[in-house]
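Novice: Just to be clear, the model below is a prediction. Sequence and coordinates:
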Amino acid sequence: NNNNEILAVLNCHLEGNPSKSVIRVRQLQNSLKELKQKYTHHQVVICGDFNCQLGQSPCSTYLHYGSCPKHIHCTEFGRPLDEDQINELDKNIQQHGYNFFSAYPIELMTRDPLE
């Protein structure tokens with residue numbers, strides 16, 4: 001079996017409370033960490049219900065950048081994160097080490113979903 005041909009699929013249903021951004025990112029972090037530790041694979045597809053805004057949420061930031069650095073402005077359903085959430089994400093979320101790309105067009109990630 002050639003590891004360059006193995007595709008891992010991670011299906012998520014993350015925490016639904018809009019104020020629980022840090023928990024959602026931790027759920028993603030734990031899932032990716034477990035995937036990397038338990039299985040040998042070449043590519044990953046992540047799908048499911050992220051319960052967050054596409055493009056500007058901490059989950060989108062984590063998947064895109066590999067972490068949630070403080071200098072990247074995140075919002076959750078149009079509301080800025082509080083200082084404790086920002087610090088928690090910046091200091092305690094480890095790099096995931098993948099190079100992810102979104103399947104969604106850029107227009108969907110930059111438009112306000114509440115419009």
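Specialist: Here it is on my side, so go on. Numbering: from 1, shown residues only.

Novice: quick one: the residue nearest the centre of the chain and His42, what's the gap?
Specialist: Central residue of the chain (CA atoms, centre = their mean): Cys59, 3.1 Å from the mean position. In this view, Cys59 and His42 are 23 Å apart by CB to CB, to the nearest Å. (C-beta placed from N, C-alpha, C; glycine too.)

Novice: For whichever helix in the chain runs longest, which residues meet the burial criterion?
Specialist: The longest helix of the chain (DSSP state H) is helix 21-38. For helix 21-38, burial by neighbour count (16 or more other CB atoms under 10 Å) applies to 21-22, 24-29, 31-32, 35.

Novice: Then stretch 86-98?
Specialist: 86, 88-89, 93, 96.

Novice: Can you get me the start-to-end distance on that stretch?
Specialist: 22 Å (CA to CA, to the nearest Å).

Novice: hmm, who's touching that stretch?
Specialist: 21-22, 25-26, 28-29, 32-33, 36, 44, 58, 62-63, 66-70, 74, 81 (CB atoms under 8 Å, 6 or more residues apart in numbering).

Novice: same question, stretch 64-77
Specialist: 18-19, 21, 25, 52-53, 56-58, 61-62, 80-81, 86-87, 89-90, 93-98, 100, 102, 113-114.

Novice: same thing but 7 Å
Specialist: Identification of contacts with stretch 64-77 by CB atoms under 7 Å, 6 or more residues apart in numbering yields 18, 21, 25, 52-53, 56-58, 61-62, 81, 86, 89-90, 93, 95-97, 100.

Novice: Repeat that for stretch 21-40.
Specialist: By CB under 7 Å, 6+ apart, stretch 21-40 touches 3, 6, 8, 10, 12, 14-15, 44, 50-52, 57-59, 62-63, 68, 76, 81, 85, 88-89, 93-94, 96, 98.

Novice: let's see it at 8 Å
Specialist: For stretch 21-40, contacts defined as CB under 8 Å, 6+ apart pick out 3, 6, 8, 10, 12, 14-15, 17, 41, 44, 46, 50-52, 57-59, 62-63, 68, 74, 76, 81, 85, 88-89, 93-94, 96-98.

Novice: Select only the buried ones of these in PyMOL?
Specialist: In PyMOL, a selection of the buried entries from the contacts of stretch 21-40 looks like this (16+ other CB under 10 Å):
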select buried, resi 8+14+15+44+46+50+51+52+57+58+59+62+63+68+74+76+81+85+88+89+93+96
